[in-house]
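In: Structure for this input, please:
(one chain, ligands or ions: 2)
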Amino acid sequence: MSVSVVGHSNPDTDSVAAAISFACYLNATGTDAVACMQIDAANLNPESKTVLAKFGMAAPATLTDAAGKKLALVDFSDIGQGPANLDKADIIAIVDHHKIGDITTNGPILFNAQPVGCSCTVLYDMYKNNNVALPKDVAGVMLCAILSDTVNFKSPTCTEADKVAVAALKGIAGVADTDALFMDMLKAKSSIDGVPIKDLIYRDYKDFDMKGNKIGIGQLELASLDQVAAIRDELYGALKSIKADGRHSVLFMLTDVVKEGTELVVVSDDVAIIEKAFKGKVDGTSMWIDGMMSRKKQTVPPLQAAFGC
Ligand code: MN
Ligand code: MN
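Out: Residues are numbered from 1 along each chain as shown. Ligands and ions are numbered 1, 2, ... in the order given. Alright, predicted model coming up:
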């Protein structure tokens with residue numbers, strides 16, 4: 001029976017690329033293996049679709065029930081992130097970069113978890129240390145996974161090993177400019193084309209109670225503010241109607257991931273209190289706040305302070 005290599009549920013680019021990479025590694029070292037994922041190809045996230053297309057690779061096969069299967073796991077070791085009936089599968093290997101989860105096995109297995117930024121960095125080391133040839137297209141998707149997981153080296157989880165792997169993989173994959181590659185991935189991930197305006201607003205939206213005032217805060221992460229240029233008026237109109245439904249304020253964060261800051265769109269009964277919270281001036285309908293990336297850490301606390309919570 002061949003080994004099914006599978007990443008976590010709701011797969012990201014690392015789970016997809018690591019499954020492809022580890023299946024390739026196993027095949028090259030004498031174990032029949034096939035790359036899998038826990039969803040149908042049609043439901044793959046836009047970033048991973050773009051990555052596979054860029055390097056001409058097919059999406060992994062679908063695997064949702066592990067009963068009776070021989071499995072290798074990548075990018076997770078928690079039962080809750082696995083396919084159904086994981087306890088009825090024979091797990092032969094795990095390659096990961098997260099905390100060790102709650103999966104146990106009946107026998108000894110190949111277990112390689114490293115405190116690095118991406119499972120594909122761990123896999124790159126396995127290829128290198130064991131002199132296994134790395135095909136160009138496989139190197140390409142591994143490269144993308146590392147850029148994605150480390151947010152182009154900006155994530156605090158990024159290590160020197162990730163940078164070393166990227167430097168080697170870009171050579172094998174024939175990629176000259178990894179910043180441009182990351183940008184393409186980010187644009188695919190943050191694509192808003194054809195998404196209804198309220199879906200866009202509610203994609204990542206929360207209401208907060210601040211001293212009896214209902215405050216709505218939404219966030220949209222973008223590769224560039226140009227992406228919303230054509231829908232600004234429509235967006236503002238929709239925010240006004242959400243505000244009109246019993247709210248003191250609605251704030252919408254247009255976060256520029258590249259420039260590392262946020263244009264905060266403000267609809268409020270009391271613009272002054274919002275300006276006080278963020279020490280700036282609303283110019284037209286919004287204000288730019290340098291360095292603001294996180295609603296939880298950088299938007300909510302100053303607002304709560306301004307409202308005296
Ligand atoms: Mn992942
Ligand atoms: Mn990962």
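
In: contacting residues around the residue lying closest to Val271 once chain neighbours are set aside?
Out: Excluding its sequence neighbours, the residue lying closest to Val271 (Cβ to Cβ, 6 or more residues apart in numbering) is Val282, at 5.4 Å. Any C-beta I mention is one placed from the backbone N, CA and C, and that applies to glycine too. Shown in contact with Val282 (Cβ atoms under 8 Å, 6 or more residues apart in numbering): 266, 271, 274-275.

In: the helices in the stretch 201-309 of the chain, which residues?
Out: 232-244, 271-278, 300-306 (DSSP state H, counting those that start in this stretch).

In: just so I know, which of those helices lies nearest Phe153?
Out: Set against Phe153 and scored by Cβ to Cβ, the helices of the stretch 201-309 of the chain come closest in helix 300-306, at 27.2 Å.

In: What residues of that closest one count as buried?
Out: Within helix 300-306, the residues that count as buried by 16 or more other Cβ atoms under 10 Å are 300, 302-303, 306.

In: and if you look at stretch 211-220?
Out: Buried residues in stretch 211-220, defined by neighbour count with 16+ other Cβ under 10 Å: 213, 215-220.

In: Relative to ligand 1, which of the contacts of Val282 is nearest.
Out: Val266 (34.5 Å; Cβ to the ion).

In: Relative to Ile39, how far out is the closest one?
Out: Separation of Val266 from Ile39 (Cβ to Cβ, to the nearest Å): 38 Å.

In: out of these two, which sits in the more crowded spot?
Out: Neighbour count, other Cβ atoms under 10 Å: between Val266 and Ile39, Val266 has more, with 20 against 17.

In: what are the bridge partners for the more buried one, then?
Out: Counting by DSSP bridges, Val266 forms beta bridges with Leu251.

In: picking that back up, so which of the contacts of Val282 is the most crowded?
Out: Neighbour counts for the contacts of Val282 peak at Ile274, which has 23 neighbours (criterion: other Cβ under 10 Å).

In: and Phe22, how many neighbours?
Out: 31.

In: Could I get the contacting residues of the residue in the stretch 51-200 of the chain positioned nearest to ligand 1?
Out: For the stretch 51-200 of the chain and ligand 1, the shortest gap (Cβ to the ion) falls at Asp75, measuring 4.5 Å. Under the criterion of Cβ under 8 Å, 6+ apart, the contact list for Asp75 reads 7-8, 12, 14-15, 18, 95-98, 119.

In: Which pLDDT value goes with it?
Out: Looking at Asp75, its pLDDT reads 97.

In: Same check on Ala168?
Out: Ala168 is given a pLDDT of 98.

In: before we move on, what SS does it have?
Out: Three-state secondary structure (criterion: DSSP: H, G, I helix; E, B strand; the rest coil) places Ala168 in helix.

In: overlap between the buried residues of helix 300-306 and the residues near ligand 1?
Out: Among these, no residue lies close to ligand 1 (Cβ under 5 Å from the ion).

In: Can you show me the strands along the protein?
Out: 3-6, 33-37, 61-62, 70-74, 90-96, 110-113, 205-210, 213-222, 249-256, 261-268, 286-290 (DSSP state E).

In: Switch the ones you listed over to a markdown table; also include distance to Thr104.
Out: Formatted as a markdown table, the strands of the chain follow (distance: least, Cβ to Cβ, whole Å):
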| stretch | distance to Thr104 |
| --- | --- |
| strand 3-6 | 17 |
| strand 33-37 | 21 |
| strand 61-62 | 26 |
| strand 70-74 | 12 |
| strand 90-96 | 9 |
| strand 110-113 | 11 |
| strand 205-210 | 37 |
| strand 213-222 | 37 |
| strand 249-256 | 40 |
| strand 261-268 | 44 |
| strand 286-290 | 47 |
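
In: deepest of the ones you listed, which one?
Out: A comparison of those by mean neighbour count, using mean count of other Cβ atoms under 10 Å, puts strand 3-6 on top with a mean of 27.

In: the domain parsing of the chain - what is it?
Out: Per the record, the chain has its domains at 3-187, 197-306, by automatic domain parsing.

In: Determine how far the shortest one lies from the middle of the whole chain.
Out: This means domain 197-306. Chain-centre distance of domain 197-306: 22 Å, with Cα atoms, centre = their mean, to the nearest Å.

In: Could you do stretch 178-187 as well?
Out: Here stretch 178-187 is found 13 Å from its chain centre; the criterion is Cα atoms, centre = their mean.

In: Stretch 93-109 now?
Out: The chain centroid and the centroid of stretch 93-109 are separated by 22 Å under Cα atoms, centre = their mean.
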